[in-house]
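Asker: predicted model follows, preceded by the sequence.
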Amino acid sequence: MRRALACLTLLAAASAAAPAHANGRFPRSQKLVFQPGHPQTALAGLTFGAFITKDDGVTWRWICEAAVGFEGTFDPDYELSASGAMFATTPHGLRISRDGCAWTPPAGDVGTTQVTSLAVGGDGALYTGTSDVVAGSAIYKSTDDGVTFAPTTLVGAAGDWWSSIEVAPSAPARLLVTGYRLTGGMPRARLLFRSADGGATWDELPTAALVGTDAADLLIAAIDPANPDVVFLRITATGPTIGEALYRTTDFWTAAPGGPTWTKVLEQPDRIAAVLARVGGEVLAATPTFGMFRSTDGGQTFTPVPDVRFDTRCLVERPGGDLWMCTNNVPPDSATLHRSTAGAAGPWTPALAFADLTAPVRCAAGTVQHDTCEAMWCGLKENFAIRSDEISCGGAVDAGVDAAGGGGGGKGCCATSPRPGAEVGLLALGLAWRRRRQRPGRVSR
């Protein structure tokens, strides 16, 4: 009876909802990470969960928000470790999955306190920031693939918010942290810290040269892959219209006690949503509205890349040199990931459209991924005109298969007919009961 009622709810939602995600935002990809040492495995963060591929993009499987442990308009920061473990920040603590089915918290504060930022170093160390308005804020480190976490010596005040953490690609003991401190009014006190010894000690750096609005957040945009002294930060700035500015320094670690020397190198009346620094001095910066910009002098000057105009939210270089971009799945090519094997100028070809999804990650009954996500699949399939028939939408959902994606004879809930042309929008899918949570102070990277 419960399954039947769930099916009726999903069908009613599918017939009545507008073409938008249940949390009110346009469905798109926002972050893409590749597994260190295994680039055929990738995890894409979305506005409605995540996609995972383990076969170089031949198949992509969906993980819904509820399985990870969050809801509404919150955007987790996702990472993949060399073991294939998946990590996600949530308002309720860090969540870790080693099989794509169970997402569990680690022991201690990291598993129970709001986690706002996350990074994996080249040596496998995992860093994460907790922010709590009562208990205070801290940066934690794990050297055992997320099994345990210990606090570093960077401990913030109550209300401090860690906006971004990054590890220098060529120097895994060197890490940067940005954030802000709420002091009861505006402007925010922006925070910038560095550690040259894996978090054992920290230096606080001045931020006065990074000019932004009173409410601006400071975010690490990129670190040169060969020279950790070359760092890019982005900040909300005012010009003719409010947009973002990109700042660059070449002495982040060698600076005098007064701090690094910062130079504004790019400003746009839009978010500079993605910055990628590549070996050889090429730096790419992309905006959702005004296209991509390219530098060939290490980020000192930028020029537009002709005819590359996507609603870009991430830029990633996969080991081997091909470039990947998070986009918004709208026509003409209706893809949410694009790929170029010929550099920034492209051609950029579709790497994943929502219509090409294979199925949810298949898990055993009793897991949220099976009981909630798989029950939602047929509504998702209807709305995005997904072509895969791994799950038939004509019968009851079966017990699923393992997260590796074997099997595929399961039957799905709630028969519906694919609706051609429904590439944009994710129907309510029976989730109107869910609370909508707005992530405070978060600016997606």
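Answerer: Looks like it arrived, so ask away.
Asker: low pLDDT regions in the stretch 201-350 of the chain?
Answerer: Within the stretch 201-350 of the chain, not a single segment meets pLDDT under 70.
Asker: how about the strands in it?
Answerer: For the stretch 201-350 of the chain, the strands defined by DSSP state E, counting those that start in this stretch occupy 203-204, 218-223, 231-238, 242-249, 263-268, 274-277, 283-287, 291-295, 303-304, 314-317, 323-326, 337-340, 349-352.
Asker: buried residues, the fifth one. List them.
Answerer: Taking 16 or more other CB atoms under 10 Å as the basis for neighbour counts, the residues of strand 263-268 that come out buried are Val265, Leu266, Glu267, Gln268. Glycine gets a C-beta too; all of them are placed from N, C-alpha and C.
Asker: just curious, which of those residues is nearest to Pro206?
Answerer: Taking CB to CB as the measure, Pro206 lies nearest Val265 of the buried residues of strand 263-268, at 19.0 Å.
Asker: hmm, back to that, so which of the strands of the stretch 201-350 of the chain is nearest Asp123?
Answerer: Of the strands of the stretch 201-350 of the chain, nearest to Asp123 by CB to CB is strand 218-223, at 15.2 Å.
Asker: which residues are contacting the closest one?
Answerer: For strand 218-223, the surrounding residues in contact (CB atoms under 8 Å, 6 or more residues apart in numbering) are 163-166, 168-169, 176, 178-180, 190-192, 207, 210, 212, 230-235, 246, 272, 275-277, 283, 285, 443, 445.
Asker: 6 Å instead, please
Answerer: Strand 218-223 is contacted from outside by 163-164, 166, 168, 176, 178, 190, 231-235, 275, 277, using CB atoms under 6 Å, 6 or more residues apart in numbering.
Asker: ok, that strand: who's next to it in the sheet?
Answerer: Partner strands for strand 218-223, per DSSP bridges, with pairing direction: strand 231-238 (antiparallel).
Asker: alpha carbons of the strand it pairs with, as PDB, please.
Answerer: Presented in PDB, the C-alpha positions along strand 231-238 are these (Å, rounded to 0.1, in the frame of the first residue of the first chain):
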ATOM      1  CA  VAL A 231      47.700  31.900  -6.300                       C
ATOM      2  CA  PHE A 232      44.400  33.300  -7.600                       C
ATOM      3  CA  LEU A 233      41.600  34.500  -5.400                       C
ATOM      4  CA  ARG A 234      38.100  35.700  -6.400                       C
ATOM      5  CA  ILE A 235      35.800  38.200  -4.700                       C
ATOM      6  CA  THR A 236      32.500  39.900  -5.300                       C
ATOM      7  CA  ALA A 237      33.400  43.400  -6.500                       C
ATOM      8  CA  THR A 238      31.600  46.600  -7.600                       C
END
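Asker: and the angle from that strand to strand 242-249?
Answerer: Between strand 231-238 and strand 242-249, the angle comes out at 150 degrees (axes from the mean of the first three to the mean of the last three CA atoms, to 10 degrees).
Asker: tell me the secondary structure at the nearest residue to Asp56 once chain neighbours are set aside.
Answerer: Leaving out its chain neighbours, the residue that sits closest to Asp56 by CB to CB, 6 or more residues apart in numbering is Gln40, at 4.0 Å. At Gln40, secondary structure determined by DSSP: H, G, I helix; E, B strand; the rest coil is strand.
Asker: what number of residues lie near Gln40?
Answerer: 13 (other CB atoms under 10 Å).
Asker: that one is in contact with Thr53, isn't it?
Answerer: No: counting by CB atoms under 6 Å, Gln40 does not reach Thr53; the two are 7.6 Å apart.
Asker: the contacts of strand 218-223: which two are farthest apart?
Answerer: Across the contacts of strand 218-223, the longest distance by CB to CB is 21.9 Å; it joins Arg190 and Ala277.
Asker: look at those two and report which has more neighbours.
Answerer: Using other CB under 10 Å, the more surrounded residue of Arg190 and Ala277 is Ala277, with 26 against 20.
Asker: ok, the more buried one - contacts?
Answerer: By CB under 6 Å, 6+ apart, the neighbours of Ala277 are Ala222, Asp224, Val283.
Asker: any idea how many residues pack against the last one?
Answerer: Translated: Val283. 28.
Asker: got it, and the second one?
Answerer: The local packing count at Asp224 equals 23, with neighbours defined by other CB under 10 Å.
Asker: could you check how far it is from Val231?
Answerer: To Val231, Asp224 is 8 Å away according to CB to CB, to the nearest Å.
Asker: which of the strands of the stretch 201-350 of the chain sits most buried?
Answerer: strand 283-287 (a mean of 27; mean count of other CB atoms under 10 Å).
Asker: just checking: what are the partner strands of that strand?
Answerer: strand 274-277 (antiparallel), strand 291-295 (antiparallel).
Asker: what about the shortest one, distance to the chain center?
Answerer: Right, strand 274-277. Distance, stretch centre to chain centre, for strand 274-277: 14 Å (CA atoms, centre = their mean, to the nearest Å).
Asker: for it, C-alpha coordinates in CSV please.
Answerer: The C-alpha trace of strand 274-277 is given here as CSV (Å, rounded to 0.1, in the frame of the first residue of the first chain):
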residue,chain,number,x,y,z
ALA,A,274,35.6,28.7,-12.7
VAL,A,275,39.3,29.2,-12.9
LEU,A,276,41.8,26.6,-14.1
ALA,A,277,45.6,27.1,-14.0
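Asker: surely Tyr127 is in a helix?
Answerer: No: using three-state DSSP, the assignment for Tyr127 is strand, not a helix.
Asker: many thanks, have a good one.
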